[in-house]
Structures are given as structure tokens and as C-alpha cells.
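>>> What follows is a predicted protein model with its sequence.
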Amino acid sequence: MSGDPVVKGTRIPAETFLSYLRAGYSPQAIFEHYPSLPVDGIEAVIRSAEKTYGAAWKSRALPTAAR
């Protein structure tokens, strides 16, 4: 995926799930949209966001792709 972090076992970029979470979707709602997502996938994305962006990860803008 061009070097972008993905959820383990999928080809779905972690940024996809960060966008859902920042928009107010619950983990349950995300699993309904992505039923093949590993059970710990959302928690892993949240841990990664906290490590990368800090505790205020929900309010930080995602980096834009270089063009």
C-alpha cells in the first residue's frame, strides 16, 4: 500500500479507520462496514494513533498524501 500503514491482515490503510473514528463512528459501526476486520484492528489503530499523534489524536489533522 505504497508504504502507508495498514491494519494487519488487511490491505486497508489505518488512516481509513482513523477517519471513521474522528468522524464519530463507534468501533461497532466500523466492524459493521468492515466485517473481515480483525477483532483487535481498531484498538491497534488507536494505539498507533496515540503513539504517533499523542493523546489528542482525534483532533489532529491527518497528513495529506504527497503529490
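In hand now; what should we look at?

>>> What count of nearby residues applies to residue 33?
Residues within reach of residue 33, counting by other Cβ atoms under 10 Å, total 11. (C-beta placed from N, C-alpha, C; glycine too.)

>>> for the one 10 residues further on, same thing?
Residues within reach of residue 43, counting by other Cβ under 10 Å, total 11.

>>> and it, what is it in contact with?
If you count contacts by Cβ atoms under 8 Å, 6 or more residues apart in numbering, residue 43 has them with residue 27.

>>> how far away is it from residue 8?
12 Å (Cβ to Cβ, to the nearest Å).

>>> repeat for residue 37
10 Å.

>>> so what's residue 63 scoring on pLDDT?
Reported pLDDT at residue 63 in the predicted model: 57.

>>> whoops, I mixed them up, residue 1
Per the predicted model, pLDDT is 56 at residue 1.

>>> Over to residue 57?
For residue 57, the predicted pLDDT is 87.

>>> That one: neighbour count?
Residue neighbour count, defined by other Cβ under 10 Å, stands at 18 for residue 57.
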